[in-house]
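Engineer: what's the 3D shape of this:
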Amino acid sequence: MDTMRANDPAQDELLPCPFCGGKAARMTLKDEANFGGDVIACTSCDACSRVIFGEKEGLVDAWNRRAADLAHSELVDALEAIVRHYPNPDISHIDYRAHACRQAEHALANYRAALSAEGGQE
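Structural biologist: Residues are numbered from 1 along each chain as shown. Below is the predicted model of the structure:
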């Protein structure tokens, strides 16, 4: 990756890297295989978007998309509820276990679907 665009207003719109939280930068490539293509890359861990040629308007939106965030939050909430309520002696453990497992299974299914959709997006 050779050149970062100067004064690109989209630079301010980029979310941090979803992997390490590092700063993201949009670059125009000059190597032979990808000449003229644009990519967004993390300046810390080098994670990057796919290379986009031609019309490049969707590149920032693609980098900023975090489809799994909402599903991840739901999964974490379900697991925290299990941890928080399981030792409660006022709750029938058999009933609670069944309810907690259904809630966690639902949250996990949503999380997996979000990850799958995110990976399948162009």
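Engineer: Following the helix or strand of the chain with the lowest mean pLDDT in sequence, what is the next regular element?
Structural biologist: Ranked by mean pLDDT, DSSP states H and E, the helix or strand of the chain with the weakest confidence is strand 3-4, at a mean of 48. Sequence-wise, the next helix or strand downstream of strand 3-4 (DSSP states H and E) is strand 24-28.
Engineer: can you dump the C-alpha coordinates of that following strand into PDB?
Structural biologist: This file holds the C-alpha atoms of strand 24-28, laid out as PDB (Å, rounded to 0.1, in the frame of the first residue of the first chain):
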ATOM      1  CA  ALA A  24      -7.900   3.700   9.900                       C
ATOM      2  CA  ALA A  25      -6.600   5.400   6.800                       C
ATOM      3  CA  ARG A  26      -7.900   5.300   3.200                       C
ATOM      4  CA  MET A  27      -5.200   4.700   0.600                       C
ATOM      5  CA  THR A  28      -4.900   4.500  -3.200                       C
END
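Engineer: In terms of secondary structure, what does whatever helix or strand comes next after it contact?
Structural biologist: Under the assignment DSSP H and E, the closest C-terminal helix or strand after strand 24-28 is strand 38-42. Packing partners of strand 38-42 (3 or more C-beta pairs under 8 Å, 6 or more residues apart in numbering; DSSP states H and E): strand 24-28, helix 59-64. C-betas here are computed from N, CA, C, even on glycine.
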